[in-house]
Structures are given as structure tokens and as C-alpha cells.
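Undergrad: fold the following and give me the result.
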Amino acid sequence: MTKPLVTILDDEPEIRHMLADALQEAGFRTASFARATEFEASLKSTSPDVCLVDLGLPDKDGLALVHRLALESGASIIIISGRAQVQDRVTGLELGADDYIIKPFDPAEVVARVRARLRSGKTGTKSANRARFEGWTALFDSYVLVDSEGFETPFSHAEGEVLRLFLDSPKRLISRAQMQETLGGTAGESFDRAMDVRISRLRTKLREDPKNPRLIKTIYGAGYIFLGDVIWD
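TA: Now for the predicted structure:
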């Protein structure tokens, strides 16, 4: 069985080496990059399972790169940054990152977070990658929603995790605590805000009425319920 591949994008060689050593010792394959252009070129021939991305890159805006990865890649994205402000964390999660680690950090914490992201990608009770519901088809291997006329709308890895959680448990209340436990991340304002943003984006892509959504219902003070009938195949 092929070991999961973790890419490390950070312009500080000490951090790249420290993370690579810790991850390889934990059983992962790694590939390290100092510049975003080198990292992006590698994506043409490799498909990482997890991307560790520093925001302070010398050649490109880190947040813009995170957003592009979230839209175009199936990898989990963990930001590693010295920016400790709550707004920076919220912005990173809103743009599609799955987790946010603040420098300085313990390499063991990063290894644990990587393992958590890989586990969360396998939490769905269904092994299938296609689900049909209310005129829509969700393709989790290519990260697109297809409507009844064949029009495709892409969704990010982070949005896909939330959608799969709903589709795995239709017509059941899913609390914030359940979402945090299943999807990983640290409970608190930034996690709640990230979930709100992802659910809002899913509603938009499913062409829901924001004032009266038909499929993803908010149960105030309790959580969410997905009301559609779901067929996995």
C-alpha cells in the first residue's frame, strides 16, 4: 500500500527539514518546496494527500494559493503560519484550508494534525464516490456537482467534506460538536465561522434560497439537517 504523500511548502529550510524528518519517521512520504512556483509545477505530475502551506511565501500570495488549491486539488490543506491573529485564521479557513497551525509549533502536533485530516477524509460511511439527490449528482472523485441538465459546478475539498457528512446522514440532526469531531479542527469561533462559510457556499452551489433553503436546514441552537433523499452508487 502506497504511503500518503505530504507536501511541505515553506521558504525556511530549517522548518522544511524538521517537518520532513518528523513526517517520514511517522511513515509518510514527503516532498519539500521553498517557492510556490516549484510546488505548483510538481502538481502536474503528483497528487499529494495533504499540503502544508506557509502563508509568507517569497514569490506568491499564500492565501491566494490556498484558495486555488481548495478549488482545484483533492488534497487536504493545512496552513502553517506565524500569523496568529484570529482574523488570519478565519480568512484561511474561509478560503478553503482544512486546518491552521501557528508557528512556533511542535512537529508532533503537525504529524497528529496530518493524521487527523487523513482520517477525516475516510469518515464517510459510504465507500462510493458518487451520490445522487434531488436532481443533483455529487462526484467526490472529481469534486463537482452535476445538475439534471449536466451542468457542472466545482466544489472544494473542504466543502466536499461537509457535503459528504450531510449525504451520509440525511434527515438526521448534525450538531456543531458532531461536525467538529468528524471533520477535525479546533472548536471555537474560527471553526464555527468556517463551517458557516462552507455551508453557505454549498447552498449557493445547490441554488438554494438563502432565506429559506430547501435542502440544508439550520436548526438554530442545535445544528443542521439535510432533507434530501440520497442514493449512493
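
Undergrad: where does the protein have its least confident helix or strand?
TA: Here the helix or strand of the chain ranked lowest by mean pLDDT, DSSP states H and E is helix 86-94, holding a mean of 77.

Undergrad: which one is residue 20 nearest to, not counting chain neighbours?
TA: In space, and not counting its chain neighbours, residue 20 is closest to residue 30: 4.5 Å by Cβ to Cβ, 6 or more residues apart in numbering. Where C-beta positions appear, they are placed from N, C-alpha and C, glycine not excepted.

Undergrad: same deal with residue 113?
TA: Counting by Cβ to Cβ, 6+ apart, the residue nearest residue 113 is residue 99, at 5.5 Å.

Undergrad: residues near the one you found, how many?
TA: 27 (other Cβ atoms under 10 Å).

Undergrad: so what sits opposite residue 219 in the bridge?
TA: Residue 219 has these beta-bridge partners by DSSP bridges: residue 223.

Undergrad: in three-state terms, label the residue nearest to residue 20 for me.
TA: Taking DSSP: H, G, I helix; E, B strand; the rest coil as the rule, one finds residue 30 in the strand state.

Undergrad: any idea which residue sits dead centre in this protein?
TA: For the chain, the residue nearest the mean C-alpha position is residue 158 (2.9 Å; Cα atoms, centre = their mean).

Undergrad: correct me, but residue 94 touches residue 192?
TA: No: between residue 94 and residue 192 there is no contact under Cβ atoms under 8 Å: 11.9 Å.

Undergrad: and those two? which has more neighbours close in?
TA: For residue 94 and residue 192, the more surrounded residue by other Cβ under 10 Å is residue 94, and the numbers stand at 21 against 14.

Undergrad: helix or strand for the nearest residue to the more buried one once chain neighbours are set aside, which one?
TA: What sits nearest to residue 94 in space, not counting adjacent residues and going by Cβ to Cβ, 6+ apart, is residue 197, at 4.7 Å. Assigned by DSSP states H and E, residue 197 belongs to helix 189-205.

Undergrad: circling back to that earlier point, distance of the residue nearest to the centre of the chain from residue 78?
TA: For residue 158, the distance to residue 78 (Cβ to Cβ, to the nearest Å) stands at 11 Å.

Undergrad: need the residues touching each of those two.
TA: Common contact partners of residue 158 and residue 78 (Cβ atoms under 8 Å, 6 or more residues apart in numbering): 97-98.

Undergrad: and residue 50, what does it touch?
TA: Residue 50 touches 4-7, 75-78, 114, 117-118, counting by Cβ under 8 Å, 6+ apart.

Undergrad: 7 Å - rerun?
TA: Neighbour list for residue 50: 4, 6, 75-76, 78, 114, 117-118 [criterion: Cβ atoms under 7 Å, 6 or more residues apart in numbering].
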